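Here is a sequence with its predicted model. Questions after.
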Amino acid sequence: MTDYRPRLFSSDSDIEHVGERFLARSLPKEEWTHEAHLATTTWLLLRRPDIDVDRLLPDLIRGYNESVGGVNDDTQGYHETITRAFIAGVRLFLSEADEAEPLHELVDELLLSPMGRRDWPFRFYSRDRLFSVEARRTFVEPDVAALP
C-alpha cells in the first residue's frame, strides 16, 4: 500500500460534528472517510457510553450507508471483519493513550499510529481472506496473526 497522509482534525467539535451527523444520518457521503470512521469510533467509545459499539455499530454503519444511497451487499458497503479489526485497533490504541488529552489530539495520534493506517487489517489477514464475501458478511478469524 502506498504511503498515505491522513486528514487530521483541528478541534474536538470537528469530531463531534462527524459523530453526531453520522448518527443522525446527515453526514454527507463524501465526508464519510477512513478518518471519519476512526474518529467516530473513538468518539463513540470515549464519549457515548450509551451506545454499545460492538452490538450497534454494524447496523449504524449499514443504515448510514443506505441513507446516503449506498448498498450493503457482497461487494460494497459495510464490511464486518474490517470493522471488527479497526474496533480492536482503536481499543488497543486507547489502552495505551492518555485519555485526558483533547479528543482531536487522541484521534490525530490514532490516525498517525499503526492502528490508524488503512492497511492495519493486513497485519492479521491475507488479502484473499479479508476481501472474501464471508469476511464482508460475518467476522472471520485472522489467517496471518491474531488480532490484539
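Yep, it's here.

was I right about Leu57 contacting Thr41?
Yes. Shown here, Leu57 and Thr41 form a contact pair, counting by Cβ atoms under 8 Å, at 7.1 Å. All C-beta spots, glycine's among them, are computed from the backbone N, C-alpha and C.

Now do the shared contacts for those two.
Contact criterion Cβ atoms under 8 Å, 6 or more residues apart in numbering; residues bridging Leu57 and Thr41 by contacting each: Ile87.

Would you mind listing the residues in contact with Ser113?
Each residue near Ser113 by Cβ under 8 Å, 6+ apart is listed here: Phe93.

so which strand or helix has Ala85?
Secondary structure assigned from DSSP states H and E places Ala85 in helix 80-96.

and that helix, what does it pack onto?
helix 34-47, helix 53-67, helix 103-112, helix 133-137 (3 or more Cβ pairs under 8 Å, 6 or more residues apart in numbering; DSSP states H and E).

Report the distance from it to the chain centre.
8 Å (Cα atoms, centre = their mean, to the nearest Å).

And for the protein, the residue most distant from the center?
Of all residues in the chain, the one whose C-alpha sits farthest from the chain's mean C-alpha position, using Cα atoms, centre = their mean, is Ala100 at 21.3 Å.

measure that one to Gly116 for me?
With distances taken as Cβ to Cβ, to the nearest Å, Ala100 is found 20 Å from Gly116.

again with Val144
Val144 sits 19 Å away from Gly116, going by Cβ to Cβ.

repeat for Pro142
For Pro142, the distance to Gly116 (Cβ to Cβ) stands at 18 Å.

The two - which one has more neighbours?
For Pro142 versus Gly116, neighbours defined as other Cβ atoms under 10 Å are more numerous around Gly116 (22 against 16).

Return the residues in contact with that one.
The contact partners of Gly116, by Cβ under 8 Å, 6+ apart, come to 6, 38, 89, 93, 110.
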